[in-house]
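**Student:** based on what follows, work out the 3D shape:
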Amino acid sequence: MRRHVIAGIVITVFAIAESSFLPMALGAALRPNLTLVICAAWAAIRGDEGFIWAFGGGLLLDAQSGAPFGMHTAGLMIGNALAALLDRAPIPIPIARTLNWVLVTTVVYHVTALAVLGLTNRTFDISIGFAAVILPSLAANLILTIPAHAILTRLQMRLREQERFLP
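**Tutor:** Next up, the predicted model:
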């Protein structure tokens, strides 16, 4: 139970930082998806728990966004689900597996966002969105995946040790 409370606090902090602190600190040029990276990396490492994190993180992002409600949640959930389906191919190197998971989730997340914006008649220029939002976000997410993977792998080992001693 304690680990779920801690996970909730961590996701809340990352969602708030992603929605409020990062735009002020980095401007509009670079928007890494901290919540996406953490949730996708955890799903790659831990499995179903990552989907719970993605759902909660998506709801937090939706609550703070001016975009149509559910857009972030749908993007994170669909992205992680597709990454899970594609994860059936054996990738023996754990960091490569996590990078692949984040890559797939990021692309699907942004495609979902564009689809939702299009369905709600919001205007956007897809070429500018691709060059100014999706590609920089993809690069930033992949770079952030490396330290996230290292930290979450250590956390996973610690959780396995604790689970071994539980009845």
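**Student:** what packs against the longest helix along the chain?
**Tutor:** For the chain, the helix with the greatest residue count under DSSP state H is helix 135-165. Helices and strands touching helix 135-165, by 3 or more CB pairs under 8 Å, 6 or more residues apart in numbering; DSSP states H and E, are helix 34-46, helix 94-119. (C-beta placed from N, C-alpha, C; glycine too.)
**Student:** can you rerun that using 10 Å?
**Tutor:** Applying 3 or more CB pairs under 10 Å, 6 or more residues apart in numbering; DSSP states H and E, one finds that helix 135-165 makes contact with helix 2-16, helix 22-26, helix 34-46, helix 48-64, helix 94-119.
**Student:** tell me which residue is most central in this protein.
**Tutor:** Nearest residue to the geometric centre of the chain (CA atoms, centre = their mean): Leu36, 1.1 Å.
**Student:** and the strand or helix carrying Ile128, how far from the chain's centre?
**Tutor:** Per DSSP states H and E: Ile128 is located in helix 126-129. Between the centre of helix 126-129 and the centre of its chain there are 21 Å (CA atoms, centre = their mean, to the nearest Å).
**Student:** repeat for stretch 8-22
**Tutor:** 12 Å.
**Student:** name the residues of that stretch that are buried.
**Tutor:** Val10, Ile11, Phe14, Ala15, Ile16, Glu18, Ser19, Leu22 (16 or more other CB atoms under 10 Å).
**Student:** closest to His110 among those residues?
**Tutor:** Glu18 (14.4 Å; CB to CB).
**Student:** quick one, phi/psi of the closest one?
**Tutor:** Glu18 has phi and psi values of phi -70, psi -40 when expressed as degrees, to the nearest 10.
**Student:** which residue comes closest to it once chain neighbours are left out?
**Tutor:** Of all residues not flanking Glu18 in the chain, Leu34 sits nearest, at 4.5 Å (CB to CB, 6 or more residues apart in numbering).
**Student:** tell me how many other residues crowd the one you found.
**Tutor:** Under the neighbour criterion other CB atoms under 10 Å, Leu34 is assigned a count of 24.
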